[in-house]
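A.B. asks: 3D, please:
(chains A and B, ligands or ions: 4)
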Amino acid sequence: MSEKISLSPIERIKKESHGLRGTIVEGLKDEITGAIREDDQAVIKFHGMYQQDDRDLREERAAQKLERLYSFMIRLRLPGGFLKPEQWIATHEIADGNASGVIKITSRQTLQLHGLIKSSIKPTIRSFNEAKLDSIATCGDINRNVLCSSHPRQSSIHETVFGYAEKISEMLMPKTRAYYEIWLDEEKLADKKDEEDPLYQDRYMPRKFKIGIAIPPNNDVDVFANDIGLIAIIENKRLLGFNLAIGGGLSTTHGSKETYARLGTVIGFCDNEEKTLKSIYEVLTIQRDHGNRSDRKLARLKYTLDRLGVDWFKNELEQRTGFALDLPRPYEFTQRTDYFGWHQSEQGLWYYTVFVENGRVMDDETVMLKSALLDIAKTGKANFRFTCNQNVILADIRKEDKPVIQEVLERYRINRLTELASPIRRNSMACVALNTCPLALAEGQRYLPSLISKIEPMLRRYGLDQEEIVIRMTGCPNGCARPYIAEIGLVGTAIGRYNLHMGGDRLGERLNKIYKENLDESAILSELDGWLSRFKSERKPGESFGDFALREVKFK
Amino acid sequence: MIGDIKLRTLQELVENSTKEELIWINGYLAGLVKTNTLPEAPVKSSINKLTIVFGTDTGNSKKLASEFALKAKKSGVNAKLLGLDQYRLSDLQKEEYFLVVMSTHGDGEPPSAAKKFYDYIHENALQLDKLNYSVLALGDTAYPLFCKAGEDVDARLQNLGATRVMGLQKCDTDFETDARAWFENVLKTLGSGAQAGAAAPAIQRKSTGKRNHTGTILFNANLNGRGSSKQTYHIEIAADDVQYQPGDSIGIVPENPVEIVMAVIELVNINKDRKLAYRDGEVTVFELLKKKLSIVYLPERVVKQYSSVVRQDIPSTRIDLLNLLKIYPVRDAAQFEEVIGILEPITPRLYSIASSPVAHTGEVHIAVARQCFTVNEEVGYGLCSDYLAALQVNATFEFYVHKNSQFKLPAPNVDVIMIGPGAGLAPFRSFIEERDTTGASGRNWLFYGDQHFETDFLYQTEIQNFVQTGVLTKVNVAFSRDQAEKIYVQHRILQHQAEFYSWLESGAHVYICGAKDTMSVAVENTLLKLIEEVGNKTEEQASAYLNELKERGRYQKDVY
Ligand code: SRM
Ligand SMILES: Cc1cc2nc3c(=O)[nH]c(=O)nc-3n(C[C@H](O)[C@H](O)[C@H](O)COP(=O)(O)OP(=O)(O)OC[C@H]3O[C@@H](n4cnc5c(N)ncnc54)[C@H](O)[C@@H]3O)c2cc1C
Ligand SMILES: Cc1cc2nc3c(=O)[nH]c(=O)nc-3n(C[C@H](O)[C@H](O)[C@H](O)COP(=O)(O)O)c2cc1C
Ligand code: SF4
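C.D. replies: Numbers count the residues shown, from 1 in each chain, chains lettered A, B, ... in the order given. Ligands and ions are numbered 1, 2, ... in the order given. Presented below is the predicted three-dimensional model:
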């Protein structure tokens, strides 16, 4: 009972939202503010949007008696990160017409547009809808965009595995028609029963919920960072089923011992589709019923799992599904990477993975990436597949069409950009952070590129420039670029200051640890200089930087 | 002389009084007569009907005319008082005795309320032989064309055959004494039956000018966000002894930029410290050019005079003095002194006061839109708005309060609709602050607009607070360039026309401030349209309805 009394405020908002409607419609009509009403800011997330403001301008505008420069970020639902060329064209046009123009590929295989003003949300969603795209449930306390290993080269049955992302996403969609009513002017349902939601009820999940599917040996999706990770078990080009890993989640809070990053625990194996889907569904219902709804910091599945115990959880799951999980099957990850440049699938189709630094697709002085991708989409000869490393694969290209794509890549020098980027840059990731992320304490994607430019000469000096070292940076400890499973993790603490994490592995199977706190740029560079120099001279043959660091670095 | 009843009362009083009392009464009456607070003996009038019309923008002429009408009635003259905007023009030819009280606005123009009358007499060859008239002209010697509109009317009426009862009386901003004396004289003349075109009354008085205040800048910041094509400065000014009411403005005489002044001085090679006679004193050349005389964007009439001073042909155009001197040089410094003689004073610029005196005691706030224009692909800025925009905290400057009795809040319980796009919002910030601070119970509805929501929503957070605390009942905004089609305040008014009309019906006052030629005309047409549509009226009925609002002071404009 006492738990009920102290429900977090978001719980009330969800419950009173009339099926995620809130007072969004009224808020949209308010002419004197670019914001929506406070409670609705939680509700609108379930529709795939965040209210943000330009943090660079906060003080300046306050002195001008102007409210914060509010805008909205919209995130698409793209299970497995797949887009048809005409959908890319639509997104490009919407980005230019209604948003900031930059198309952001996220660390979860989807696209975000920033800078939508309130009045352009509706036209944006309409245009997306015409392109058969939506943003339902890409944010909020609900199942998010479902990940899947992105490169069809992975496996001849990639398509089959990929299909699961779609199915899972579909199964876990909310039942409310609010999205269609508010944004697409759908008639209100006469019968409320049709909206009844046995999974989410009127309280949804206690917190966000993430699912990813990996196809070994590549852990490109960082499967263990998800609440549910599925590891495809394939034998002789046949999908046998999935190992089920639960309780992954990375976020921590500075100064809070109760919060921690956790990698998923493999609890069993499902040998067919029905069982797989049923298990997933019931993991959600258990988390729905047992997750912490009073402290949002401790509401993710990982905490529920550790609180109630893995055995308890497994037992409860088997009770709910009515079947026992099989023992996990053996699997091995040997890499966590995007296959840059041209690659061919077993089916004979061609793929070109473009390096997109921090996922920001735009035109600037150095490269006209956005124009290039538009030209490629206009050929109609390549699909777009996004990776969890914020890159794009020009995909499913027939042999005879390859030269057409190659021509565009060369014309815009995209191939050079991709092929000449240093390994450390290509393996790097940074989150959005300033100026849009309200939670950012420090810079992310605006800063990492220049920091890497200072690390590259160091690596060259030690002859380590071809070493595949993974560096990831976030502007706060939420971990959006998964810095806790990088060999070098930089987690922002304040403007210009980062905690330096080291000792993670290269495969995403081992968390790193905090080595030093609150370093500024010069301290970061001198620490790295020291450790890279030692790595050069003291590493064991074939040893990765992360393994070396784990062995040599003295952590606090 | 004294009527029967009064005589009887007096006799009774005298009979019942002691000697001491009688002595006291005697002294008391003598004192009364001396201090002149007794009603004047009515002039035995030889006229049956006197029409007094007024043309006003900010209420001075109206106030005087009303005072005169009352006095005339007390003196037994049947006086009719009318605003020139309400005056039936065809009546003019039937008038016998006609007094005009009017001010000058703009650059020597009649006030907008007198425009129709002014045009009518100038554009028609009327026969006004029967008309006996006199004009009282209000003006301000700070403007080059002092009392020009009044002068024009006075001259034109004479041209049309009318007879002056009394010559034109021009008044400066301290008009009370001159104006009252003029009216006494007019009344006397009318009473004595003398109607010959009398000369201008011989009241020669030195003008005391305006009450100037020294303002100190407390705060000065641009309200338009980054990326805006506009700059509007919110300026907070400290001035201890300043008194004003919401709806008033302040007047400022800007100074010319020192670079330009020095460039002129160097070009004509004149000693900048040389003293020249100016008005009632002596002022150095530098001081004259910096603070007194208008040297940028000279009006055509000055350019014309310049051309005769330098004896060169100059096409009729507006141009800066510096350019004029470069293209058509003066012979020498002496000839330049002649040029100084033809230059006009720098005219005051007015700015609506944006603060309420009860909310900000001892302070005046204004919102100044920095004027920006391009000439020959070069960007230029308005003289005064540029000067104000650049003033730093603690800088001081001179200003005066220009009262406007025609733009005033109604009683606290009356509803108010305010339409003020752009810098036109300024007086409404004062209105709202006033109503907020005094706890006025009437409802308040604001219409605001500009180009872009993100950057041009002046006082946005304050307005949001006023909505939150309930002082502002409704706010509707129109941002013209945030969508394909242009949306202005009048479109928002139309969208809410039923509610607008119901506010009108329940007694709301409507106020418009801002651009005169564009916005205020469009809004007025919209009001007419909505009165017609929602009120189910004909076009004539609608305009009568609006006219009625105007007459009752329920429809007030401060547009420029
Ligand atoms: C765009 C993206 C980073 C990127 O540069 O790619 C991102 C951006 C944001 N994340 Fe994230 N997260 C993104 C992947 C992640 C990941 C990585 C992953 O899922 O593999 C994590 C860590 C894994 C995890 O969930 O534990 C992550 C953990 C968070 C958290 C911490 C959650 C928690 O359990 O405490 C928050 C804060 C929150 O939810 O309260 C957060 C919140 C945010 C918000 C929405 C800030 C907010 O809540 O207002 C950021 C929006 C910034 C902006 O302006 O765009 N984001 N976020 C990624 C979008 C993924 C997607 O398409 O859905
Ligand atoms: C009752 C009243 C209230 C007012 N309230 C406000 C208020 O609250 N806020 C406000 O901002 N304004 C207000 N105004 C307007 C204000 O008084 C000024 O008219 C305005 O600031 C422009 O003055 P300025 O000296 O900056 O521009 P000026 O130098 O007088 O120039 C005015 C215009 O003339 C033209 N011009 C000037 N020089 C040149 C040149 N060299 N070449 C070509 N064109 C040129 C330009 O079009 C320019 O915009 C009000 C006016 C009135 C009558
Ligand atoms: C914008 C403006 C322009 C003016 N222009 C002139 C002018 O050109 N000549 C003049 O003599 N007075 C001018 N005046 C001064 C007015 O005529 C003077 O203030 C008068 O008292 C106003 O009378 P009213 O309130 O009846 O309109 C101007 C005043 C304002 C506000
Ligand atoms: S890690 Fe923090 S700063 Fe970066 S996007 Fe996520 S929430 Fe924002």
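
A.B. asks: and whichever residue of chain B sits closest to ligand 3, what does it touch?
C.D. replies: Minimum separation of chain B from ligand 3 (CB to the nearest ligand atom) falls at residue B:139, amounting to 2.4 Å. (Glycine included, C-beta is placed from N, CA and C.) Listed by CB atoms under 8 Å, 6 or more residues apart in numbering or on different chains, the contact partners of residue B:139 are B:103-104, B:146-148, B:150, B:170-172.

A.B. asks: For PyMOL, write the selection for the buried entries among the residues you listed.
C.D. replies: Selecting the buried subset of the contacts of residue B:139 in PyMOL, with 16 or more other CB atoms under 10 Å in any protein chain shown as the burial test, is done by:
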select buried, chain B and resi 103+104+146+147+148+150+170+171+172
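
A.B. asks: Just the contacts of residue B:139: which are in helices?
C.D. replies: Mapping the contacts of residue B:139 onto helices (DSSP state H) picks out B:148, B:150.

A.B. asks: Residue B:336 is in what secondary structure piece?
C.D. replies: Secondary structure assignment for residue B:336, by DSSP states H and E: helix B:333-342.

A.B. asks: what does the helix or strand following that helix rub up against?
C.D. replies: For helix B:333-342, the succeeding helix or strand toward the C-terminus, using DSSP H and E, is strand B:349-352. When contacts are taken as CB under 8 Å, 6+ apart, the neighbours of strand B:349-352 outside the stretch itself are B:249-254, B:366-368, B:383-385, B:388, B:402, B:423-424, B:426-427, B:430, B:513, B:558, B:560.

A.B. asks: near chain A, anything from the following helix or strand past strand B:349-352?
C.D. replies: Toward the C-terminal end, the helix or strand that comes next after strand B:349-352 (DSSP H and E) is strand B:363-369. No: judged by CB under 8 Å from any CB of the partner chain, strand B:363-369 and chain A are separated, with a smallest distance of 10.4 Å.

A.B. asks: wait, does the very next helix or strand once past strand B:363-369 contact ligand 2?
C.D. replies: From strand B:363-369 onward toward the C-terminus, using DSSP H and E, the following helix or strand is strand B:372-375. Yes: looking at strand B:372-375 against ligand 2 by CB under 6 Å from any ligand atom, the contacts come from B:373, B:375.

A.B. asks: returning to what we had before: save the contacts of residue B:139 as a markdown table, and put in distance to ligand 4 and pLDDT too.
C.D. replies: Formatted as a markdown table, those follow (distance: CB to the nearest ligand atom, whole Å; pLDDT from 0 to 100):
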| residue | distance to ligand 4 | pLDDT |
| --- | --- | --- |
| B:103 | 63 | 98 |
| B:104 | 63 | 97 |
| B:146 | 66 | 96 |
| B:147 | 68 | 97 |
| B:148 | 66 | 97 |
| B:150 | 69 | 98 |
| B:170 | 71 | 97 |
| B:171 | 69 | 96 |
| B:172 | 66 | 95 |
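
A.B. asks: will you turn the contacts of residue B:139 into CSV that also has distance to ligand 3?
C.D. replies: CSV is the format used below for these (distance: CB to the nearest ligand atom, whole Å):
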residue, distance to ligand 3
B:103, 3
B:104, 4
B:146, 4
B:147, 5
B:148, 6
B:150, 8
B:170, 8
B:171, 8
B:172, 8
